[in-house]
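J.: With the input below, show me the fold.
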Amino acid sequence: MAALAIAPVEDADIAAVIALWQRCNLTRPWNDPAADIALARRGPNATVLAGRVGDAIMATAMVGHDGHRGWVYYVATDPDHRGKGFGRAIMKAAEDWLRETGIAKLQLMVRRENVSAGAFYQSIGYAESQTIVFARWLDGREPTP
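T.: Residues are numbered from 1 along each chain as shown. Next comes the predicted model:
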């Protein structure tokens, strides 16, 4: 198995990262992935990590924190290369990034219908929280499930 070289994304990576997210069914019509990347890269509290084998991006994770809790979004592994440990490696890199900033707790959200993602997170030591997440659009849109 080839090891992932993991580093923050660069401008030249953005199209490939978005394409991977689309292949992994992570994007939604109400979220602009390019804007999400730009926002994460804007300040010191977030980044987007990419794991590469050679020039190919095999895994990603958007990681950030609010000063108290860390969050991970857009965790993706190339569907043609799953089962090679890339998901574990990118999650370890996200956890390490948060640890280095002094954040002790990582949270993430998984859509209920994404049973395989839930099983993956459980396999690497995550437990389902009993917290309910509420959401509200601040731009006037109706709530989405």
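J.: how about the strands in the chain?
T.: Using DSSP state E, the strands of the chain run over residues 5-8, 46-53, 56-65, 70-77, 106-108.
J.: Might you list the low-confidence residue ranges for this protein?
T.: Where the chain drops to pLDDT under 70, the residues are 1, 143-145.
J.: biggest helix in it by residues?
T.: helix 86-100 (DSSP state H).
J.: Now for Tyr121: which residues touch it?
T.: The contact partners of Tyr121, taken as CB atoms under 8 Å, 6 or more residues apart in numbering, are 108, 110. All C-beta atoms are positioned from the backbone trio N, CA, C, and that covers glycine.
J.: And for the one 5 residues further on?
T.: Neighbour list for Tyr126: Leu108 [criterion: CB under 8 Å, 6+ apart].
J.: That one and Ala93: what is the separation?
T.: According to CB to CB, to the nearest Å, Tyr126 and Ala93 sit 16 Å apart.
J.: now do Thr27
T.: For Thr27 relative to Ala93 (CB to CB), the value is 22 Å.
J.: Pick out whichever of those two has more residues nearby.
T.: Ala93 (19 against 16; other CB atoms under 10 Å).
J.: which residues sit in contact with that one?
T.: 6, 49, 51, 61.
J.: from those residues, which single one is nearest Pro33?
T.: Nearest to Pro33 among these, counting by CB to CB, is Ala61 at 13.6 Å.
J.: was I right about Tyr73 contacting Gln107?
T.: No: taking CB atoms under 8 Å as the definition, Tyr73 is not a contact partner of Gln107, at 10.4 Å.
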